[in-house]
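Participant: What follows is a predicted protein model with its sequence.
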Amino acid sequence: TEIYTLSLHDALPILLAISACVFSIYGICGYFNSTLTEYGRATGAFGSYSRSAMYCMLVIPLILTVSFHIKNKYTKLGLVLSALLTGILLVLTFTRGPWIILSVILLILLFRKSKKMLIAFLAALLLLVLFCGPVTERVKFTFEVKEGIDRALSGRLTLWHNSLQIIKKHPVLGVGYGPNIFRKMYLHPEYRFYITDPHGNFQQSDAHNLYLQIPIETGIVGLIVFMYLLARYIKCAYKSYMHTEDYFKKDILFTILLTIIGFLACSISGYFYEDRIGLMFWLYMAISIGISGSDKKTLDYRVDKDY
């Protein structure tokens, strides 16, 4: 019997890159043949442009960070290609929050890693905004006071106001957890969850804010527990980042911590913490805690060569 070791350096990013690549190719193809679109935006395998965008935002930084440390040129090329395809799908979702958050994350990562790559990224970003028609229109719409900012803010403010009414009536334990809980509150006439958008009036399925949705579902108690766990995690991850001497693990910890903070920032104006995206969130936390447990820790695969 021989023992082969497959380190986190080799295993996780490859699996993540492969899954992201398949996910992105499927979503891109679905966009161009109009089978996976909604309002002209790519919805991907999740059937939702916002959740597909958040998935892309979560995986791209980690894949790119690992590619900086990979020595094999073919593996490095595969990782970069996977990140590129995932980035294309993100663009096709036309979801502004993840666009902005990912841009900030990449600016920080590239500033730490390579000034030349930072300049190239900024140039590519500028060209995309200026010369890619749909992207240009989306950016212009965002900064139009009447059509963009006012409409987005008024809709969310209405939704948040009504969400607070639920919290006031069910402050301790909330109204219960689940994807249909918010819709059930429509039956109560005092809550008005209708928002006017370019496509008409429709019912929202959530509060469009993580920090309101949690107390709606699990009350102030649930929010306190969630914030406590976050604070403990951030403290633990930061402490591990400061003390580890392994440059690879240091970069991974920094990237995951930065990505989680980006996710939490994006969750101020949207609710993505559910189903598969919620699992990704906790997976990233588990990975960083696992890395910080021991500088010498690896994922060991014991293989019997006669098996």
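Facilitator: Happy to help now that I have it.
Participant: where along the protein do the helices fall?
Facilitator: Taking DSSP state H as the criterion, the chain carries its helices at 8-32, 49-69, 73-93, 96-113, 115-131, 133-142, 150-169, 181-184, 210-243, 247-266, 275-293.
Participant: For the fourth one, output the C-alpha coordinates as PDB.
Facilitator: Output in PDB follows, covering the C-alpha atoms of helix 96-113 (Å, rounded to 0.1, in the frame of the first residue of the first chain):
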ATOM      1  CA  ARG A  96     -25.000  45.500 -10.700                       C
ATOM      2  CA  GLY A  97     -24.300  44.600  -7.000                       C
ATOM      3  CA  PRO A  98     -22.000  41.600  -7.800                       C
ATOM      4  CA  TRP A  99     -20.400  43.600 -10.600                       C
ATOM      5  CA  ILE A 100     -19.400  46.300  -8.200                       C
ATOM      6  CA  ILE A 101     -18.300  44.000  -5.300                       C
ATOM      7  CA  LEU A 102     -16.300  41.700  -7.600                       C
ATOM      8  CA  SER A 103     -14.500  44.700  -9.200                       C
ATOM      9  CA  VAL A 104     -13.500  46.000  -5.800                       C
ATOM     10  CA  ILE A 105     -12.300  42.600  -4.600                       C
ATOM     11  CA  LEU A 106     -10.200  42.100  -7.800                       C
ATOM     12  CA  LEU A 107      -8.800  45.600  -7.500                       C
ATOM     13  CA  ILE A 108      -7.600  44.800  -4.000                       C
ATOM     14  CA  LEU A 109      -6.200  41.400  -4.900                       C
ATOM     15  CA  LEU A 110      -4.400  42.600  -8.000                       C
ATOM     16  CA  PHE A 111      -3.000  45.600  -6.100                       C
ATOM     17  CA  ARG A 112      -1.400  43.200  -3.700                       C
ATOM     18  CA  LYS A 113      -0.200  40.800  -6.300                       C
END
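Participant: what packs against it?
Facilitator: helix 49-69, helix 73-93, helix 115-131, helix 247-266 (3 or more CB pairs under 8 Å, 6 or more residues apart in numbering; DSSP states H and E). In short, each C-beta sits where N, CA and C put it, glycine included.
Participant: how far off helix 73-93 does the third one point, in degrees?
Facilitator: Note on geometry: by axes from the mean of the first three to the mean of the last three CA atoms, to 10 degrees, helix 115-131 and helix 73-93 are set 30 degrees apart in direction.
Participant: all numbers from here: first residue = 93
Facilitator: Renumbered: residue one is now 93, and that last one reads helix 207-223.
Participant: Buried residues, helix 207-223. List them.
Facilitator: 210, 213 (16 or more other CB atoms under 10 Å).
Participant: Against which helices or strands is it packed?
Facilitator: helix 188-205, helix 225-234.
Participant: cool, and the first one?
Facilitator: With contacts defined as 3+ CB pairs under 8 Å, 6+ apart, the packing partners of helix 141-161 are helix 100-124, strand 133-134, helix 165-185, helix 188-205, helix 339-358, helix 367-385.
Participant: cool, the last one as well?
Facilitator: The helices and strands touching helix 339-358, judged by 3+ CB pairs under 8 Å, 6+ apart, are helix 141-161, helix 188-205, helix 302-335, helix 367-385.
Participant: Would you mind measuring from residue 144 to residue 178?
Facilitator: Applying CB to CB, to the nearest Å, the value for residue 144 to residue 178 is 10 Å.
Participant: Revised request: answer the last question for residue 167.
Facilitator: 17 Å.
Participant: Ok, residue 199 next?
Facilitator: Taking CB to CB, one finds residue 199 at 18 Å from residue 178.
Participant: and stretch 130-150, how far out from the chain's middle?
Facilitator: The chain centre lies 11 Å from the centre of stretch 130-150; the measure is CA atoms, centre = their mean, to the nearest Å.
Participant: Apologies, that question was intended for stretch 171-186.
Facilitator: Counting by CA atoms, centre = their mean, stretch 171-186 comes out at 13 Å from the chain centroid.
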